[in-house]
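Asker: Generate coordinates for the sequence data below:
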Amino acid sequence: MSYSTIIFLSLALLSQCHADLIADLCTKSNNPSLCNQALRSDPRSKGADARGLARIALDNSLSATQASINVAKSMSSPGNKDKIDTCIENFDDAVGNLQEAKPLIPKLDRPNISTLQTKGSTALTDVRTCSEEFGASEPTKLKQATNKAYTFIQLLLIIANTL
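Answerer: Prediction:
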């Protein structure tokens, strides 16, 4: 076997392992389709290890949670003001926890992984609180935004559990 053949096979295997990492992580997600689309469409995912994918998941978590705040603010009316205010407050708390998690990713040793898991779990609870506040009467647009944020935060936790 030639040297170039060995390199080609090694790169092909490495590429397959990377693809498998994304697939393995996303099959554990509550929304595998969104998970796959988000990770694979981000140019940083090319060749990324779990830590790199955690960065992408965290960035998507922050973006989706901020988008949830914007959706909630656009839906406030006298009939649901208290529930919307609760959602906005909890989404803000989730954003704060996710921002506090961001500097942990570059230095993911055991204590930082534990802190990342705690921050992520707290953010997940914050986001889910909005859905619980409304129950079955949650407006569709808000439910979609909340579910997207939930998916990305959950993905962050899935990845953190593999580190």
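
Asker: Low-confidence bits of this structure, can you list those?
Answerer: Flagging of the chain using pLDDT under 70 yields the residue ranges 1-19.

Asker: Going along the chain, name the helices of it.
Answerer: In chain order, the chain shows helices spanning 3-27, 32-41, 50-74, 81-101, 110-134, 140-160, with DSSP state H as the criterion.

Asker: Please identify the most buried of those.
Answerer: Per-residue neighbour counts averaged over each of these give the maximum for helix 140-160, namely a mean of 23 (mean count of other Cβ atoms under 10 Å). (C-beta placed from N, C-alpha, C; glycine too.)

Asker: and the gap between residue 83 and residue 138?
Answerer: Residue 83 sits 9 Å away from residue 138 when distances are taken as Cβ to Cβ, to the nearest Å.

Asker: scratch that, residue 145 is what I was asking about
Answerer: In this structure, residue 145 lies at 10 Å from residue 138, with Cβ to Cβ as the measure.

Asker: between these two, what contacts are shared?
Answerer: Both residue 145 and residue 138 lack any common contacting residue under the criterion Cβ atoms under 8 Å, 6 or more residues apart in numbering.

Asker: Spit out the contact partners of residue 156.
Answerer: When the contact criterion is Cβ under 8 Å, 6+ apart, the partners of residue 156 are 54, 57-58, 61, 101, 116, 120.

Asker: for residue 28, same thing?
Answerer: Going by Cβ under 8 Å, 6+ apart, residue 28 touches residue 158.

Asker: Then the one 3 residues further on?
Answerer: With Cβ under 8 Å, 6+ apart as the criterion, the residues that contact residue 31 are 147-148, 151.

Asker: Redo these as JSON lines? Include distance to residue 88.
Answerer: As requested, those are arranged in JSON lines below (distance: Cβ to Cβ, whole Å):
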{"residue": "147", "distance to residue 88": "17"}
{"residue": "148", "distance to residue 88": "16"}
{"residue": "151", "distance to residue 88": "20"}
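
Asker: list the contacts for residue 65?
Answerer: Contact partners of residue 65, counting by Cβ under 8 Å, 6+ apart, are 91, 94-95, 98, 123, 127, 149, 152-153.

Asker: one step back: looking at the contacts of residue 31, which is nearest residue 22?
Answerer: Taking Cβ to Cβ as the measure, residue 22 lies nearest residue 151 of these, at 14.4 Å.
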